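Chemist: pasting the sequence and the predicted model now:
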Number of protein chains: 2
Amino acid sequence: MDFENCYADRLAEAIEKKDSRLVVGIDPRLDRLPEELTGLEPEDALLRLGSGVIEAVAEDAAAVKPQIAFFERWGWRGWRALEGVCQKAREQGLIVILDAKRGDIGSTASAYAEALLGTEPGTPGPHVDALTINPYLGSDSLEPFLDRVREGGRGLYVLARTSNPGGAEFQKRDGDADPIFLQVARTSEQWGDGSRGECGYHGVGLVVGATHPEEISKVRECAPGASLLIPGVGAQGGSVEDLGPAFDSRGLGALVNSSRGVVQAFEKQPGIPWQEAVQQAARETRKQLQGAITS
Amino acid sequence: MDFENCYADRLAEAIEKKDSRLVVGIDPRLDRLPEELTGLEPEDALLRLGSGVIEAVAEDAAAVKPQIAFFERWGWRGWRALEGVCQKAREQGLIVILDAKRGDIGSTASAYAEALLGTEPGTPGPHVDALTINPYLGSDSLEPFLDRVREGGRGLYVLARTSNPGGAEFQKRDGDADPIFLQVARTSEQWGDGSRGECGYHGVGLVVGATHPEEISKVRECAPGASLLIPGVGAQGGSVEDLGPAFDSRGLGALVNSSRGVVQAFEKQPGIPWQEAVQQAARETRKQLQGAITS
């Protein structure tokens, strides 16, 4: 694969250029806006908050991860804002990972792939580098997305082990000789066929929560070519110090997500401009993650 | 629960009043439009096709199931059309099941619940009776949706066993003493607590593909209070004759989905108005389903 057509290599370049493993989750909460953005219509507030965060983190984050639910929450106007936010992030040179966790079959899966990784104007697709998806419906349900990986140079992150307290209920059941999350991890090496870059990773990554650090090592063993997307640090209780096994010796192999810890940082620093507080939080988190690699 | 506040009872009434177990899936394909709708802008085409199908099936279908992916495919304009289609269906007295298969955790799950079962103008939520969701993230991920079931009288259909060829890969693994899809089915009885209607069913149903008729019986045993949503007849290979075990002696307990078989029926009858072809197909399918109950 050439560089433009290889998600894994574009991501590796972004990580190395900025020396950053940080992905900032954009989960805009209109009930927790900076003072100067209050009173706007929802669409304007979403767009201005999202764009403001992107500007503030552009130097320190390798990627941003708009969480589609917080846009969808406002209906079609929220979707229009989402398109604008993805476009803004792309213009700022950030990798854009759309957190959608879609999963469906056949022609419906194809429609989602076109909606979220497609090229139709008026959709976020043209501005998106990678997408999160849900594996419950099986490998054939992923095929339309995998086509975009192999032929379009896009990336995927498949849910393996989620960061919530109830994540084990189906993903890692008592009594299962082979827990589902490790089966998903192993299978991702097949899903990634044909999308491996010069960096050594392929285009089909895995979502593994920081709240289960011992399982990150297991996933890494089962899926050496998968880039990890790690949510759950900060508010959810995961610790950056435990994430060493996610990274290789070059500091590649994983992105660590921070959403509220960065986006809502202005709440803790009312004395300075809100974007400055966000920038400081992103910079601080980037540095913490540098520490996790070498430790 | 009173009638207005109980999805299961509203659904039972719709089924009995029309003597119909048919839910028509609205999966609008703009590359397969009736002649008279060609040449429109996508948003207009989606709205006019969806509304036209709704008018045509209103007497014979108990419910319609807009498939969100085929609207999302067209970005924010598609979402605006989706809102209009859901509103139209509600006005026609049809139960509206939004096929979204969302699944996420914490505040993100709450945002999806508000987006798709909420009350915000400009979203489909105010017009939607029930929603499909994905259980992979565990019971706690369903809580914000279950709140809408218990307090708002909405319904859910949780994916258990999907109709695609690869559905067994994670849902029913070789070697699992307790396959995931049956664990989901059993757990649905707890999810349904507090939403049971006078009809005997509760508000948390299950999606089980018609392509696995022997498993419908197993799900029925594990989840006697769950209303089933059964896709996969027709194009996917499932047979209406095999669906008897899904229904109780009153003919309640399941809705059977037909999408292309009804919506694209005009393609097989070019000589008559397209809505008439759709109506005939809906009527025919309704009758076939009546046969499945008594057999």
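Modeler: Yep, that arrived.

Chemist: so where do the helices sit in the stretch 1-150 of chain A?
Modeler: A:7-18, A:42-57, A:69-72, A:75-91, A:106-117, A:139-152 (DSSP state H, counting those that start in this stretch).

Chemist: looking at the ones you listed, which is buried most?
Modeler: When these are scored by mean count of other Cβ atoms under 10 Å in any protein chain shown, the highest mean neighbour count falls to helix A:69-72 (a mean of 27). Glycine gets a C-beta too; all of them are placed from N, C-alpha and C.

Chemist: could I get the average pLDDT for it?
Modeler: For helix A:69-72, the mean pLDDT works out to 98.

Chemist: low-confidence ranges in chain A?
Modeler: By pLDDT under 70, the weakly predicted segments of chain A are A:294-295.

Chemist: in a markdown table, list the helices of the stretch 1-150 of chain A along with distance to A:Gly237.
Modeler: Shown next, in a markdown table, are those (distance: least, Cβ to Cβ, whole Å):
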| stretch | distance to A:Gly237 |
| --- | --- |
| helix A:7-18 | 25 |
| helix A:42-57 | 23 |
| helix A:69-72 | 21 |
| helix A:75-91 | 28 |
| helix A:106-117 | 29 |
| helix A:139-152 | 30 |
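
Chemist: list the buried residues of the lengthiest helix in chain A.
Modeler: Secondary structure of chain A per DSSP state H: the longest helix is helix A:274-294. For helix A:274-294, burial by neighbour count (16 or more other Cβ atoms under 10 Å in any protein chain shown) applies to A:274-275, A:277-286, A:288-290, A:292-293.

Chemist: surely A:Ala113 touches A:Pro144?
Modeler: Yes - between A:Ala113 and A:Pro144 there is a contact under Cβ atoms under 8 Å: 4.1 Å.

Chemist: what residues does the stretch 151-295 of chain A put near chain B?
Modeler: By the rule Cβ under 8 Å from any Cβ of the partner chain, the part of the stretch 151-295 of chain A lying against chain B is A:159, A:162-171, A:173, A:175-178, A:180, A:183-184, A:236.

Chemist: if we go to 10 Å?
Modeler: Applying Cβ under 10 Å from any Cβ of the partner chain, we find that the stretch 151-295 of chain A lies next to chain B at A:159-160, A:162-171, A:173, A:175-178, A:180-181, A:183-184, A:187, A:209, A:231-232, A:235-236, A:259-260.

Chemist: returning to what we had before: extract the C-alpha trace of the longest helix of chain A and format it as CSV.
Modeler: Output in CSV follows, covering the C-alpha atoms of helix A:274-294 (Å, rounded to 0.1, in the frame of the first residue of the first chain):
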residue,chain,number,x,y,z
TRP,A,274,-11.3,28.0,27.8
GLN,A,275,-9.3,27.0,24.8
GLU,A,276,-6.1,27.6,26.7
ALA,A,277,-7.3,25.3,29.5
VAL,A,278,-8.1,22.6,26.9
GLN,A,279,-4.7,23.0,25.3
GLN,A,280,-2.9,22.7,28.6
ALA,A,281,-4.8,19.5,29.4
ALA,A,282,-4.0,18.0,26.0
ARG,A,283,-0.3,18.9,26.5
GLU,A,284,-0.2,17.4,29.9
THR,A,285,-1.9,14.2,28.8
ARG,A,286,0.5,13.9,25.9
LYS,A,287,3.5,14.1,28.3
GLN,A,288,2.0,11.5,30.6
LEU,A,289,1.6,9.2,27.7
GLN,A,290,5.3,9.7,26.7
GLY,A,291,6.1,8.5,30.2
ALA,A,292,4.1,5.4,29.8
ILE,A,293,6.1,4.3,26.8
THR,A,294,9.6,4.5,28.3
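
Chemist: can I get stretch A:2-17 in PDB? Just the C-alpha atoms.
Modeler: The C-alpha coordinates for stretch A:2-17 follow below in PDB (Å, rounded to 0.1, in the frame of the first residue of the first chain):
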ATOM      1  CA  ASP A   2       1.200   3.500  -0.700                       C
ATOM      2  CA  PHE A   3       1.200   6.000   2.100                       C
ATOM      3  CA  GLU A   4      -1.900   7.900   1.200                       C
ATOM      4  CA  ASN A   5      -3.700   4.700   0.900                       C
ATOM      5  CA  CYS A   6      -2.600   3.200   4.200                       C
ATOM      6  CA  TYR A   7      -4.300   4.200   7.400                       C
ATOM      7  CA  ALA A   8      -1.700   2.500   9.600                       C
ATOM      8  CA  ASP A   9       1.200   4.500   8.000                       C
ATOM      9  CA  ARG A  10      -0.600   7.800   8.100                       C
ATOM     10  CA  LEU A  11      -1.400   7.200  11.800                       C
ATOM     11  CA  ALA A  12       2.200   6.200  12.600                       C
ATOM     12  CA  GLU A  13       3.500   9.400  10.900                       C
ATOM     13  CA  ALA A  14       1.100  11.500  12.900                       C
ATOM     14  CA  ILE A  15       2.200   9.800  16.200                       C
ATOM     15  CA  GLU A  16       5.900  10.200  15.400                       C
ATOM     16  CA  LYS A  17       5.800  13.700  14.100                       C
END
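
Chemist: and A:Phe266, how far is that from A:Lys287?
Modeler: For A:Phe266, the distance to A:Lys287 (Cβ to Cβ, to the nearest Å) stands at 19 Å.

Chemist: and A:Thr123, how close does it get to chain B?
Modeler: A:Thr123 is 4 Å from chain B, where distance means Cβ to the nearest Cβ, to the nearest Å.

Chemist: ok, A:Val23 next?
Modeler: 15 Å.

Chemist: before we move on, what about A:Glu198?
Modeler: On the measure of Cβ to the nearest Cβ, A:Glu198 and chain B end up 31 Å apart.

Chemist: now that residue, what's its secondary structure?
Modeler: On the three-state scheme (DSSP: H, G, I helix; E, B strand; the rest coil), A:Glu198 is labelled coil.
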